[in-house]
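[1] what shape does this take:
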Amino acid sequence: MERILQITSDGSHTVAVPAMHVTYHSIYGAIQESMHVFINSGLKPLLHKMETINIFEMGFGTGLNALLSLQEAIRRDQKIFYYAVELFPLQFSEYSSLNYSSQLHDDSLRSNFKLMHESEWEKDIAIHSLFTLHKTNQSLLNLTINQSFNLIFFDAFAPTAQPELWTQQVFEKMFYLLSNQGVLVTYCSKGDVRRAMAAVGFTVEKLQGPPRKREMLRATKNP
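    Alright, predicted model coming up:
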């Protein structure tokens, strides 16, 4: 599968997959999109509500969401356990060229980012004293995990590219992965997706989207 690095409107990289007509992040700003959807709308409201925030990410991809979460953990002195699913990891030539640390003006993150990509799979790895990463090289559809999470970053490719990951069955799995009052955030706001979330019990709200996107979704598991 051919993958090409591409500069987005805010100067940060995304990865394009020409055969699927998709990019890993918004072409209108990779960092801006991830900050808005996953950090500002997902992680920040949970800070310091628990000793350790358990995050599940569907689509580790470039590692940008994990890196931004690490940066927030360090800034706010918040412990995070981060579990990421990725079936097709980036190669060294791809992740080593990503410019996120320089775009975030924080070179101290460079070694952490490298460790995220090079750490062993299927193990808990301490990336920082405040941040533990567990990567699994499995399909979400086949994943079995006996753990609960406070927050889900649902960052699969768009429903047009991966419709099998946006079904009611998948969101039922996400619902049961969350603890009570747990939250799922995603950039996607399609009506079919929203209805699938609601059908399994989520309380779903539309939020303002990132640049050039009108809406995003945040779903909460109420007891």
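[2] C-alpha only now, for contacts and for neighbours.
    Will do.
[3] state the distance from Ile125 to Asn112.
    Remark: distance between Ile125 and Asn112 (CA to CA, to the nearest Å) = 11 Å.
[4] wait, I meant Ile4
    Distance of Ile4 to Asn112, given as CA to CA: 23 Å.
[5] those two: which is more packed in?
    Remark: of Ile4 and Asn112, Asn112 carries more neighbours, 19 against 11, as counted by other CA atoms under 10 Å.
[6] so which residues of the protein form strands?
    Taking DSSP state E as the criterion, the chain contains strands spanning 4-7, 13-17, 22-23, 52-58, 79-85, 124-128, 131-136, 149-154, 178-186, 203-208, 215-220.
[7] can you say which of those strands is packed in most?
    strand 149-154 (a mean of 25; mean count of other CA atoms under 10 Å).
[8] CA atoms of that one as PDB?
    The C-alpha coordinates for strand 149-154 follow below in PDB (Å, rounded to 0.1, in the frame of the first residue of the first chain):
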ATOM      1  CA  PHE A 149     -11.500   3.100  29.200                       C
ATOM      2  CA  ASN A 150     -12.500   6.600  30.100                       C
ATOM      3  CA  LEU A 151     -12.000   8.000  26.600                       C
ATOM      4  CA  ILE A 152     -12.000   6.700  23.000                       C
ATOM      5  CA  PHE A 153     -10.400   8.400  20.100                       C
ATOM      6  CA  PHE A 154     -12.200   7.000  17.100                       C
END
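[9] ok so, going back, of the strands of the chain, which is nearest Val193?
    Closest approach to Val193 among the strands of the chain (CA to CA): strand 215-220, 9.2 Å.
[10] and Ser69, how many neighbours does it have?
    Neighbour count of Ser69, defined by other CA under 10 Å: 23.
[11] so how far is Ile55 from it?
    When Ser69 is compared with Ile55 (using CA to CA), they lie 9 Å apart.
[12] find the nearest non-adjacent residue to Glu72, please.
    Leaving aside its chain neighbours, Glu72 sits nearest to Gln78 (7.7 Å; criterion: CA to CA, 6 or more residues apart in numbering).
[13] compute the number of surrounding residues for that neighbour.
    Gln78, neighbours per other CA under 10 Å, totals 19.
[14] next up, the contacts around the residue positioned nearest the centre of the chain.
    Centrality entry for the chain: nearest residue to the mean C-alpha point is Phe153, 4.0 Å, by CA atoms, centre = their mean. By CA atoms under 8 Å, 6 or more residues apart in numbering, the contact set of Phe153 is Phe38, Gly42, Ile55, Phe56, Glu57, Met58, Leu184, Val185, Thr186.
[15] mind checking pLDDT for it?
    Looking at Phe153, its pLDDT reads 98.
[16] what about it, distance to Ser9?
    Distance from Phe153 to Ser9, by CA to CA: 23 Å.
[17] tell me which residues are up against stretch 185-198.
    Stretch 185-198 is touched from outside by 37-38, 41-42, 151-155, 158, 166-168, 171-172, 203-204, 206, 209-210, 215-219, with contacts defined as CA under 8 Å, 6+ apart.
[18] quote the end-to-end distance of it.
    Stretch 185-198: ends 14 Å apart by CA to CA.
[19] mind listing what Asn137 touches?
    Val85, Glu86, Leu87, Phe88, Pro89, Trp121, Glu122.
[20] much appreciated, bye for now.
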